[in-house]
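In: Here's a sequence, model it:
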Amino acid sequence: MSRGRRYEERKLNMKKVFAVILAIVVIIMSIFIIRGIFSKEEKTGGITSKTYFAAFKDNKWGVIDENGETVIDPSYEEMIIIPDSKTDIFLCTYDVNYDTGEYSAKALNSKNEEIFTNYDKIEAIPNYDENNNLWYEEDVLKVQKDGKWGMIDNSGKELVKAEYDSIQALQGVKNAFLIQKEGKYGVVDNEGRNILDANYAEITNLGETNRDGYIVKDDTGLYGIVDASKNVILENQYQEIEKVYGNDLYVVSQDGKQKVVNANGEDVLAEGFDQIAKILETKDAGVIYISGGKYGIMTLTGEVKVEAQYDDLSEVKANIFVATKGDKQGIIDIDNNEKVPFNYQTITYNEIGDIYVAEDENFNSQVMNNQFEVKQTGILIEINTDAGYFELRQNDAYKYYNFRFEEKDKKEILSNHTLYLDKKDNQYGYIDKDGNVVVEYMYDDATEQNEYGFAAVKKDGKWGAINNKGEVVQEPIYNLDDYLMIDFIGRWHLGKDINMNYYNQE
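Out: Prediction:
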């Protein structure tokens, strides 16, 4: 929003009278409670059994649900933001003046009713991960009233009074919010609790969670570290503090020189490098250092374990490193023994599965165990750590393996599906759990069902969709060759920018 006869006298059974009265009172209270619930649902968003997505059609934005049904007609010039896909709170920006920067913002629910109307503006709180991918805080919103900002939860409960000049997320950290008042900064969490008072000239996160602590700058321009309980870890006496820490060690700059200090501010490592890139996970193991633009490994006593010879080094598990030479990656250990040759574009490690995935320039992957033995090859489609499997495309077939590299039947992995992709004579169709053909082998390419029951099918170079019964809900009419991911919700296909997570209909 920018801008509630007479009867023969008999002796009464008082126990029954009180029971009847009590029952009536309970009924009345129940009615009021139910009315209150429905009233609340009408005035605020609520958690539902549905999932919602932003939708784009005819250059306008709206909202659809998991069945592909229109919830909010595409009628807005700006993208509608849905912070939590399971909650029917849709944030709309409109009347935007690009010259002055002025705009209006409001919130709607799934009934297209405006909610949280006691505020002038309601907005999502954007955040970014280390790869600059955009996401939104799911359980809180920032609100403006009389020119000041506060914070509410998804039920409309006030968490932070609207008294701040700005509220924004600490980049990359979930549930930590930077508040600004009279030129000074503090931090609150997603429950509105004050983590750091607004007394600092600058605050940045030290680590990746709201428990790792904060780098704070005082009025003299010097930096220190404060933890999430307001305890001072390092006094404000440094010209710079890097987001590099571990084992109660920190990387700081003092008198123009970078060094490693402990929590008492004592020097631990102060020479033999140009820069410290990482403190290793194993206590007392050392650091990844940079010298002459190259990366190496050094102990805390200054002993060089790996000469600075790599273009990048990343510790993926204790004493194991993905190393980069030019445009190729391999794996070495802390003694510079080569474990995987430098033949790959990228190498990633999945900690839960304890597997390595090495990918070449053609997106072909070799999946290795923790002994660096290649166990499977193909094009990696997915690693699902919740269900404990990874999916590969091998010879135009989709195969599923658990983290012991045992092939699993897709009907076991995809137990909630009603249809299963199958291939015959170079054409794709679908079968049911009993192997009966439900969709004839007529498509040039296709996908498994998504979690909403839809599957994408390709014929004559164009994509369309079927539902969980195998019925065509969208004839193949879309050329999606330039799209990184093919997915449909009803007649809507996933947008080209998958980070925006919207669906399009042309």
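
In: Tell me the buried residues in stretch 211-225?
Out: Residues of stretch 211-225 classed as buried by neighbour count (16 or more other CB atoms under 10 Å): 212, 213, 214, 215, 216, 217, 222, 223, 224, 225. For glycine as for every other residue, the C-beta is placed from the backbone atoms N, C-alpha and C.

In: And for stretch 197-206?
Out: 198, 200, 201, 203, 204, 205, 206.

In: mind listing which of those residues are in strands?
Out: In strands, judged by DSSP state E, the following of those are found: 198, 200, 203, 204, 205.

In: so what's the first one closest to, chain neighbours aside?
Out: I take that to be residue 198. Closest residue in space to residue 198, ignoring its immediate chain neighbours: residue 186 at 3.5 Å, by CB to CB, 6 or more residues apart in numbering.

In: Check that neighbour and give its pLDDT.
Out: Residue 186 is assigned a pLDDT of 97 by the prediction.

In: Could you export the buried residues of stretch 197-206 as JSON lines, including pLDDT and distance to residue 391?
Out: As requested, these are arranged in JSON lines below (pLDDT from 0 to 100; distance: CB to CB, whole Å):
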{"residue": "198", "pLDDT": "96", "distance to residue 391": "48"}
{"residue": "200", "pLDDT": "98", "distance to residue 391": "47"}
{"residue": "201", "pLDDT": "98", "distance to residue 391": "49"}
{"residue": "203", "pLDDT": "97", "distance to residue 391": "42"}
{"residue": "204", "pLDDT": "96", "distance to residue 391": "38"}
{"residue": "205", "pLDDT": "95", "distance to residue 391": "34"}
{"residue": "206", "pLDDT": "95", "distance to residue 391": "36"}
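
In: Make TSV out of those and add distance to residue 483.
Out: Shown next, in TSV, are those (distance: CB to CB, whole Å):
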residue	distance to residue 483
198	45
200	45
201	45
203	40
204	36
205	34
206	38
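
In: which residues does the residue nearest to residue 491 when sequence neighbours are not counted contact?
Out: In space, residue 491 comes closest to residue 474 once its chain neighbours are excluded; the distance is 4.3 Å by CB to CB, 6+ apart. Neighbouring residues of residue 474 by CB atoms under 8 Å, 6 or more residues apart in numbering: 464, 465, 488, 490, 491, 493.

In: switch to 6 Å and redo it
Out: Taking CB atoms under 6 Å, 6 or more residues apart in numbering as the definition of contact, the neighbours of residue 474 are 464, 465, 491.

In: In contact with the last one, which residues?
Out: Yep, that's residue 491 we're talking about. With contacts defined as CB under 6 Å, 6+ apart, residue 491 is in contact with 68, 474, 505.

In: do the same with the second one
Out: With contact set as CB under 6 Å, 6+ apart, residue 465 has these partners: 454, 456, 473, 474, 488.

In: rerun at 8 Å
Out: Here residue 465 is in contact with 454, 455, 456, 457, 472, 473, 474, 488, 490, 491, 493 (criterion: CB under 8 Å, 6+ apart).

In: Could you point out the longest strand of the chain?
Out: What stands out as the longest strand in the chain, according to DSSP E, is strand 374-384.

In: That one: which residues count as buried?
Out: When neighbours are counted by 16+ other CB under 10 Å, the buried residues of strand 374-384 are found to be 376, 378, 380, 381, 383.

In: I figured the second one hits residue 394, correct?
Out: This means residue 378. Yes. The pair residue 378 / residue 394 is scored as a contact, 4.0 Å apart, by CB atoms under 8 Å.

In: Low-confidence ranges, the protein, go.
Out: 1-48 (pLDDT under 70).

In: The most centrally placed residue in it and residue 501, how far apart?
Out: With distances taken as CA atoms, centre = their mean, the residue of the chain nearest its centroid is residue 135 (5.8 Å). Taken as CB to CB, to the nearest Å, the spacing of residue 135 relative to residue 501 amounts to 9 Å.

In: what does residue 256 give?
Out: For residue 256, the distance to residue 501 equals 45 Å [CB to CB].

In: between the two, who's got more neighbours?
Out: Set side by side, residue 256 and residue 501 show unequal neighbour counts under other CB atoms under 10 Å, the larger going to residue 501 at 15 against 7.

In: Hmm, residue 53 and that one touching each other?
Out: Yes. Using CB under 8 Å, residue 501 is in contact with residue 53, at 6.9 Å.

In: sorry, back to before: between all of the buried residues of stretch 211-225, which two are separated the most?
Out: Looking at these by CB to CB, the two members farthest from one another are 212 and 222, with 20.7 Å of separation.

In: Excluding chain neighbours, what is closest to residue 218?
Out: Using CB to CB, 6+ apart and skipping the chain neighbours, the partner closest in space to residue 218 is residue 236 (4.5 Å).

In: quick one: contacts for that neighbour?
Out: With contacts taken as CB under 8 Å, 6+ apart, residue 236 has the following neighbours: 216, 217, 218, 220, 222, 223, 224.

In: JSON lines please, covering those residues and showing distance to residue 293 and secondary structure.
Out: As requested, those are exported to JSON lines (distance: CB to CB, whole Å; DSSP: H, G, I helix; E, B strand; the rest coil):
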{"residue": "216", "distance to residue 293": "31", "secondary structure": "strand"}
{"residue": "217", "distance to residue 293": "29", "secondary structure": "strand"}
{"residue": "218", "distance to residue 293": "33", "secondary structure": "coil"}
{"residue": "220", "distance to residue 293": "33", "secondary structure": "coil"}
{"residue": "222", "distance to residue 293": "29", "secondary structure": "coil"}
{"residue": "223", "distance to residue 293": "26", "secondary structure": "strand"}
{"residue": "224", "distance to residue 293": "30", "secondary structure": "strand"}
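
In: First-to-last residue distance for stretch 493-506?
Out: 9 Å (CA to CA, to the nearest Å).

In: How about residue 365: which residues does it bridge to?
Out: Counting by DSSP bridges, residue 365 forms beta bridges with residue 359, residue 378.

In: Okay, it and residue 82: tell me how far apart.
Out: From residue 365 to residue 82 the distance is 33 Å (CB to CB).

In: Identify the residue nearest residue 472 in space, chain neighbours excluded?
Out: Computed as CB to CB, 6+ apart, the closest residue to residue 472 that is not its neighbour in sequence is residue 466, at 5.5 Å.

In: wait, isn't that neighbour in contact with residue 476?
Out: No. With contact defined as CB under 8 Å, residue 466 does not reach residue 476; the gap is 10.1 Å.

In: tell me, what's touching the two both at once?
Out: Between them, residue 466 and residue 476 share the neighbouring residues residue 457, with contact defined by CB under 8 Å, 6+ apart.

In: More neighbours: those two, which one.
Out: Here residue 466 and residue 476 are set side by side on neighbour count (other CB under 10 Å), and the busier one is residue 466, at 23 against 18.
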